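Undergrad: Okay, structure incoming, though there's no sequence with it:
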Ligand code: GLC
């Protein structure tokens, strides 16, 4: 088969044998597929033949609906090829819920394959547009997909190997649908639980999150899909916890807190970075050369592609009002370091503005070439410059993996002995007992969650109510009653031995998910109050993307409290196993749980208080109970070539097997600046049988022990200082002097 490229007349030749290859299923080949230099050379060969218009198109990302019939969910438009030739986009994406028709894995695979083929025929050099999407807990937009726990729960699992496995499974499903680019992982920190994207983070601690980012990037890219570190930088600490509000960040906080996860992701080879939609210290990040070039490329050495967030150059004019018009905003953003503009619905307007910026000398031809080269290099590294097999159009069921993942996240915060449920009549109720919407959270089918937007599909999930009934052990009977009929419910409670109430937040994403009061809806609090008034043992199961504050009189009286985060498709089955004692509670809090709104922003790595003691959280970072207990002993610390190795013996002193997860903290010697009283630097974790003792070690790289010295408002210098360090693991405190 031979395609003649309509614009340049370049023959894009696909011989029959290669075409036959196309029908083979895609192999999950690690990306980047080419060394940077080779990919750049191939990109140069295409770039040097491109016109100004083609380069401008190459650095724009259009919504894939532009190529579908009627500009909305539907089949590929008959004139899609002409639209490609007209818009010349370097990339396409779907919005958080926008789907092709048929909206099936096969339908996605066929639509994206068709777009790829049309791109090869109509785009410069035969290089198709790359398709990106938010597959942030499995391929969450695709009907039939099994959805994994959101990152906050994975943060509680403290198991980067599991995170990597989930990312790789996600990448394999993406490749089977001809998707190449995942706008994941979120490398922001979760330090203000009011923030609407708290659940998308792996938690509050820089180095604990960094280990998760390394795992996620490695999993995605070893599965053949480009990862995206987002949202660079400081997005997770907006003022008042309001999504995209201005974040005031000192240089010390930048280096000590916000950069480690991104540094880890870059070190893991992340192929792209997405800019923070908000602003830092009064500067919109999309217009900050200091952040997007000097810091990201100069200091962190990132060499890949920088993509904007949704419409964020336009927002410089319309929202932040920092730039008078789109031409000026475009020049500011491209010169700051944005390579590719995610401008889903107004590619033409952006193209005209960028052209005016270039021809008017606001953006140099060299800068445009640099951005277009990065885009082409990115695609060369994804194999888009070569013929390649089509995806199978079949995605994995993945339910066993999803259940194993959910089980690893479950965190037990209170237990008066009611758990495990061994016998008697169980009454289960509450809005989260059988709600796919609550259980899956945001970025599920639609970015605002199941039931929102224009896709009416409800994923099949294992709910708590169904699982408790279906897997009840002998001697346990379960009845599930909706909480709406309160009289009937309270009557049923009279004859119940245990009441399980599942509460949770309605799904949402971004600013729609801000929760300034860290509260559940009043009717859920009333339900809890009514059930607590029955004096029966109440097991609260919370499905939420953040710590929730109960009224104080309830909070301190909860007999049993399980934090399930947003557990995904198999959350019910995993919860039933844990409540019945067939499994334990391996999860430990990846964030500090404040006792009141006054403690929002309280984190484990607080410095010494200027006056008095720091407020005590309701539950500290790393907290979690289990059906067994652990003891630590024989703590040791030795200097190594790369840092410090700490070792501790952990003994399972209880009657059941369990997973011991212990955060390792470091206290640094005095260096003239406030330092965290204890800085989380890593985790030791092991499954231990009843009575088993095991020596667990952690190698702490020296960079995790750096102090950032320097005066207020001045530069900071990170270095490992000589002096006495103290390492805390469980009950062990170990001192070590470093030269
Ligand atoms: C959204 C989010 C970003 C996402 C992008 C594409 O606004 O900020 O995380 O990847 O748009 O959906």
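TA: Nice, I can see it. None of the values given here were measured: they were computed from a predicted structure.

Undergrad: The ligand contacts on the stretch 1-150 of the chain?
TA: Within the stretch 1-150 of the chain, the positions near the ligand by C-beta under 6 Å from any ligand atom are 96, 134. Bear in mind the C-beta positions are built from the backbone N, C-alpha and C, glycine included.

Undergrad: Could you list the low-confidence segments of the stretch 1-150 of the chain?
TA: 1-28 (pLDDT under 70).

Undergrad: so where do the helices sit in it?
TA: For the stretch 1-150 of the chain, applying DSSP state H, counting those that start in this stretch gives helices covering 16-22, 36-47, 52-58, 80-87, 105-122.

Undergrad: Alongside the ligand, which residues does this protein contribute?
TA: Checking the chain against the ligand by C-beta under 6 Å from any ligand atom, the hits are 96, 134, 183, 230, 277, 309-310.

Undergrad: could you dump the residues you listed to a markdown table with distance to residue 501 and neighbour count?
TA: Compiled in a markdown table, these are given as follows (distance: C-beta to C-beta, whole Å; neighbours: other C-beta atoms under 10 Å):
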| residue | distance to residue 501 | neighbour count |
| --- | --- | --- |
| 96 | 31 | 24 |
| 134 | 32 | 22 |
| 183 | 36 | 23 |
| 230 | 36 | 28 |
| 277 | 37 | 22 |
| 309 | 38 | 23 |
| 310 | 38 | 19 |
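
Undergrad: For residue 597, state which of these is nearest.
TA: residue 277 (25.4 Å; C-beta to C-beta).

Undergrad: My guess is that closest one contacts residue 307. True?
TA: No: the pair residue 277 and residue 307 fails to qualify as a contact (C-beta atoms under 8 Å) at a distance of 11.8 Å.

Undergrad: Tell me where the stretch 51-200 of the chain has strands.
TA: In the stretch 51-200 of the chain, the strands defined using DSSP state E, counting those that start in this stretch lie at 60-63, 91-93, 130-133, 181-182.

Undergrad: what pairs with the first one, and is each one parallel or antiparallel?
TA: Strand pairing for strand 60-63, using DSSP bridges, gives strand 91-93 (parallel), strand 341-342 (parallel).

Undergrad: And those: which comes nearest residue 627?
TA: Nearest to residue 627, of the strands paired with strand 60-63 and by C-beta to C-beta, is strand 91-93 at 45.0 Å.

Undergrad: Compute the first-to-last residue distance for stretch 133-153.
TA: With C-alpha to C-alpha, to the nearest Å applied, stretch 133-153 spans 22 Å between its terminal residues.

Undergrad: What is the burial count for residue 629?
TA: Neighbours of residue 629 under the rule other C-beta atoms under 10 Å: 14.

Undergrad: again with the one 3 residues further on
TA: Look at residue 632: counted by other C-beta under 10 Å, it has 18 neighbours.

Undergrad: Same question for residue 638.
TA: For residue 638, the count of nearby residues is 11 (other C-beta under 10 Å).

Undergrad: bridging residues for it?
TA: residue 645.

Undergrad: List the contacts of it.
TA: Taking C-beta atoms under 8 Å, 6 or more residues apart in numbering, we find residue 638 in contact with 644-645, 736.

Undergrad: Phi and psi next, for whichever residue of the stretch 251-400 of the chain sits closest to the ligand.
TA: Closest approach between the stretch 251-400 of the chain and the ligand, counting by C-beta to the nearest ligand atom: residue 310, at 3.8 Å. In this entry, residue 310 is assigned phi and psi values of phi -50, psi 110 (degrees, to the nearest 10).

Undergrad: Low-confidence stretches in this protein?
TA: Looking at the chain by pLDDT under 70, you get 1-28.

Undergrad: Show me the domain layout of it.
TA: 2-55+133-381, 400-599, 630-738 (automatic domain parsing).

Undergrad: so can I have CSV of these showing distance to residue 614?
TA: Shown next, in CSV, are the domains of the chain (distance: least, C-beta to C-beta, whole Å):
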stretch, distance to residue 614
domain 2-55+133-381, 15
domain 400-599, 9
domain 630-738, 8
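
Undergrad: picking that back up, list only those of the contacts of residue 638 flagged as buried.
TA: 644, 736 (16 or more other C-beta atoms under 10 Å).

Undergrad: picking up where we left off before, is it possible to export the strands paired with strand 60-63 to a markdown table including mean neighbour count and distance to residue 123?
TA: Shown next, in a markdown table, are those (neighbours: other C-beta atoms under 10 Å; distance: least, C-beta to C-beta, whole Å):
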| stretch | mean neighbour count | distance to residue 123 |
| --- | --- | --- |
| strand 91-93 | 25 | 11 |
| strand 341-342 | 26 | 17 |
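
Undergrad: Redo these as CSV? Include distance to residue 636.
TA: Shown next, in CSV, are the strands paired with strand 60-63 (distance: least, C-beta to C-beta, whole Å):
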stretch, distance to residue 636
strand 91-93, 50
strand 341-342, 50
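
Undergrad: Which among those is found nearest to residue 424?
TA: Among these, the nearest to residue 424 by C-beta to C-beta is strand 91-93 (51.9 Å).

Undergrad: quick check, nearest of the contacts of residue 638 to the ligand?
TA: residue 644 (35.8 Å).

Undergrad: what residues are up against the closest one?
TA: 637-638, 699-700, 702, 705, 725, 727, 736, 738.

Undergrad: What of residue 634?
TA: 647-649, 695, 732.

Undergrad: can we see that at 7 Å?
TA: Residue 634 is in contact with 648-649, counting by C-beta atoms under 7 Å, 6 or more residues apart in numbering.

Undergrad: And for residue 714, nearest residue in space, chain neighbours not counted?
TA: residue 251 (7.9 Å; C-beta to C-beta, 6 or more residues apart in numbering).
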